[in-house]
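> okay, structure incoming, though there's no sequence with it:
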């Protein structure tokens, strides 16, 4: 029967012991969306055209957040991330920015949380920069897309 | 014509000057969802019944994240938050946990980002604790519900 | 009947709302001890005589820890500390260093936790620097000595 | 003759070079106490019975503090902790909570400081949550109980 | 006779008490340079032309560093910064980027350190991004240009 | 043709992938200067004679900053530093303090940024402690002196 690995037998929180796991190269890809008014998205895209910093700021925030993950998520293991990249895709008609992060590590545990945190903080940063003109933005569909490396085998979102 | 306040005339990022804004009491309420398999939610709810730490851990992670917001979101102002609380609501049939945060401050700028960050990190923490049994969870519908205080007047999500 | 202020009616953790409290000047004094072998204390005192960094390092660690308190103690409010000082007193016969911190703030809540955290981290830093020669050191008697300012009135440890 | 390893020949602070030490699995166990009025302890234990967050909050604070150790203790090495767990034991008659932490790592240096920091911050968190009803609590007897792994051999507190 | 304000009478470090100082609006402007091979500067300027992230990344790093100043500089007071902006100026012939930061606060102490830290970290970030092609870059001439607000009166670098 | 490694083909920032690089022992030495009025330097040197904390504080700030480097420099990899030491050299006639840091690691990437950050923050800390008596200090000549280990071979500043 399945159980929550971060809780001991009595249900108390703990950081799971990974000391016997093998250090392998692991990768995780996560994705998320932020929906906004079309006029708000237009302001961001115009800023891009004008070589502005809007999306670049969200990218840096996401990359830095990946490194802060073990300080944010209480039971996450500290890891020496090998790489992080974040891509943005714009859908002008739907007023939507898709955010995708890719994180790699050589370590005893995976980087799903790092990838999901990078996407979340990149989305929150876009919210912050646009909130003066649009408070109704919605951050949605944050999910793990892919995970490779480690004993449990690859995961690919169906 | 509207523009993105966190960018200067040439589109470069900056932390907006709030030095002439009045320090008033401000509040923000944010909400978000995490969707999972019913069996996963059952594990969390069983842990609650057994006085376990699962939801308590997510709550603490969210509260601490509210305080870390200016370190995560590049152009956010540092603030001395007056209070943070986070509530969880479970829908066993939909496999859904709703998370609501409420943040208050007496300051020169609002706490929308703190409230949204608290919800996001609480949701990520739930993901972390359940990911060994369910990698397909989705974090969604993170949005600002209400905002009061400050010159721009109250906001209530329609 | 008394209750724990950091827990709501249902016993859940929250950051207490201080938004209606008056900002006043508040001070807290805390104290603690670290006990060690006399030979270990002699090494520290010899380092002092030689203008070394041992106690200075513990002092800086304690001062910086006071500033980190809201990041360490989950339900602590962020505060703009006005001053921190830390003093050390050596008792060569008892193999004991007494550590006293004094923290001041103008704010809506007190700085007891900042003062106690400063003492704790200063003591841990001494432990760290001496642990290669003495693993049996004991940190003890960390307590609040005095607290002034705020509505609840002054506290002086009996 | 023994000397303080964190100080160079002239007594100046440095982070000791561990680059030639072998990465082995290391464990440390630390313990500490917090003493309080019996009525204060009763409030905490009632909260436990009511499935509240008091002790869970202290546990999470301690686990997160273990990860923050190299940012708190100036000469501590950054480490990728493999696991942390914290247990609490209540003595209603003595008004005493005993806190025990266990930290594991595969690395070039030990985790004594992580274990001691976890205990200290868990105790400070209990102080914070109870200080509105009891300012005379005392944190005491923080000590290393056990240490295994590494060249210097095991340590077991006599 | 003048003395170092951050040291007490016996020469020990302390965080100076600012609790009796008036909270006023204060501003600081700092400047610094990074010198590099002309070919290195050309790569950065080409990236700008191509709407790349190089300078934007350095700007965000500098703004975020201003907020981290009290965590970096041991005796600095925590402050709620009101604004930060950073500008870059390129001299293609001299292989030089000039960096200027401007920081504002309403508080009991000034923001010189925040402005100087922002410039330093922006310069270090440029070094980091270019070090694969040019290890001989030099960061120089970091200085305070202007300071206004506070009891000691305005400072303007001669 | 050379290009900036921290930018992808389209010029966007990323954390470079080091997952295929071999973990080797690497060392970096950096240096920097802070220039001040002779009277200011005399105050620092008098403090040293009096066994004061001025230079010790700057040393600790620099060592701790080395550990914070990946949190400051957006595209820097987190690393488990093996050692850090910082030396100061005084030139009373020139009103100049030279700062030299030496950082070692066993890892997949080098520690140039850690060494440069340590020097920068040590210099900023000296500025902070002396700014009440001398606002015209200048931090200069921060540069990499030496780098060993890693595939690209040793670097020695000409």
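That came through, no problem. All figures in this text were calculated on a predicted structure; none of them were measured in a lab.

> just give the nearest non-adjacent residue to residue A:81, would you?
In space, residue A:81 comes closest to residue A:105 once its chain neighbours are excluded; the distance is 5.3 Å by C-beta to C-beta, 6 or more residues apart in numbering or on different chains. C-beta: built from backbone N, CA, C; applies to glycine.

> state whether that neighbour is indeed within a strand.
Yes - when classified by DSSP: H, G, I helix; E, B strand; the rest coil, residue A:105 is found to be part of a strand.

> surely it and residue A:82 touch.
Yes - under the criterion of C-beta atoms under 8 Å, residue A:105 lies in contact with residue A:82, with a separation of 5.3 Å.

> overlap of the contact sets of those two?
Counting by C-beta atoms under 8 Å, 6 or more residues apart in numbering or on different chains, the residues touching both residue A:105 and residue A:82 are A:25, F:19.

> who does the residue nearest to residue A:81 form a beta bridge with?
Taking DSSP bridges, one finds residue A:26, residue A:81 as the beta-bridge partners of residue A:105.

> how near is it to residue F:77?
10 Å (C-beta to C-beta, to the nearest Å).

> common neighbours of these two, please.
Both residue A:105 and residue F:77 are contacted by A:80-82, under the criterion C-beta under 8 Å, 6+ apart.

> quick one, which of those residues are buried?
Among the shared contacts of residue A:105 and residue F:77, those classed as buried by 16 or more other C-beta atoms under 10 Å in any protein chain shown are A:80-82.

> distance from the lowest-mean-pLDDT helix or strand in chain A to the middle of the chain?
Within chain A, no helix or strand scores below helix A:38-49, which has a mean of 92 by mean pLDDT, DSSP states H and E. Taking the mean C-alpha point of helix A:38-49 and that of its whole chain, the gap between them comes to 23 Å (C-alpha atoms, centre = their mean, to the nearest Å).

> quick check: mean pLDDT of the next helix or strand after it?
If you walk from helix A:38-49 toward the C-terminus, the next helix or strand you reach (DSSP states H and E) is helix A:54-72. Mean per-residue pLDDT for helix A:54-72: 97.

> helices or strands up against helix A:54-72?
Other elements packing on helix A:54-72 under the criterion 3 or more C-beta pairs under 8 Å, 6 or more residues apart in numbering or on different chains; DSSP states H and E are helix A:38-49, strand A:81-91, strand A:96-107, helix A:112-130, helix B:54-72, helix D:54-72, helix E:54-72, helix F:54-72.

> okay, the ones you listed, which one's buried deepest?
Ranked by mean neighbour count under mean count of other C-beta atoms under 10 Å in any protein chain shown, those are led by helix A:112-130, which reaches a mean of 28.

> quick one, it and helix A:54-72 angle?
Computed by axes from the mean of the first three to the mean of the last three C-alpha atoms, to 10 degrees, the angle separating helix A:112-130 from helix A:54-72 equals 130 degrees.

> so how far is helix A:112-130 off the chain centroid?
The gap between the average C-alpha position of helix A:112-130 and the chain average comes to 6 Å, counting by C-alpha atoms, centre = their mean.

> would that helix count as contacting chain B?
Yes - using C-beta under 8 Å from any C-beta of the partner chain, a contact is recorded between helix A:112-130 and chain B, made by A:112-113, A:116-117, A:120-121, A:123-125, A:127-130.

> closest to residue C:135 among those?
Of all those, the one with the least separation from residue C:135 (C-beta to C-beta) is residue A:113, at 34.6 Å.

> quick one on the thing from earlier: make JSON lines from the residues of helix A:112-130 next to chain B and add pLDDT and distance to chain D to it.
Below are those laid out as JSON lines (pLDDT from 0 to 100; distance: C-beta to the nearest C-beta, whole Å):
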{"residue": "A:112", "pLDDT": "97", "distance to chain D": "17"}
{"residue": "A:113", "pLDDT": "98", "distance to chain D": "13"}
{"residue": "A:116", "pLDDT": "98", "distance to chain D": "18"}
{"residue": "A:117", "pLDDT": "98", "distance to chain D": "15"}
{"residue": "A:120", "pLDDT": "98", "distance to chain D": "19"}
{"residue": "A:121", "pLDDT": "98", "distance to chain D": "18"}
{"residue": "A:123", "pLDDT": "98", "distance to chain D": "24"}
{"residue": "A:124", "pLDDT": "98", "distance to chain D": "21"}
{"residue": "A:125", "pLDDT": "98", "distance to chain D": "23"}
{"residue": "A:127", "pLDDT": "97", "distance to chain D": "26"}
{"residue": "A:128", "pLDDT": "97", "distance to chain D": "25"}
{"residue": "A:129", "pLDDT": "95", "distance to chain D": "29"}
{"residue": "A:130", "pLDDT": "95", "distance to chain D": "31"}
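
> got a markdown table for these, with distance to residue A:46 too?
What follows is those, written out as a markdown table (distance: C-beta to C-beta, whole Å):
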| residue | distance to residue A:46 |
| --- | --- |
| A:112 | 35 |
| A:113 | 34 |
| A:116 | 30 |
| A:117 | 29 |
| A:120 | 25 |
| A:121 | 24 |
| A:123 | 20 |
| A:124 | 22 |
| A:125 | 18 |
| A:127 | 18 |
| A:128 | 18 |
| A:129 | 13 |
| A:130 | 12 |
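
> let me know the closest of the residues you listed to chain E.
Nearest to chain E, judged by C-beta to the nearest C-beta, of the residues of helix A:112-130 next to chain B is residue A:125 at 9.7 Å.

> what residues are up against the closest one?
Going by C-beta under 8 Å, 6+ apart, the list of residues near residue A:125 reads A:57-58, A:61-62, B:73-75.

> can you rerun that using 6 Å?
With contact set as C-beta atoms under 6 Å, 6 or more residues apart in numbering or on different chains, residue A:125 has these partners: A:58, A:61, B:73.

> thought the residue nearest to residue A:81 was touching residue A:78?
No - contact between residue A:105 and residue A:78 fails when scored by C-beta atoms under 6 Å: they sit 10.9 Å apart.
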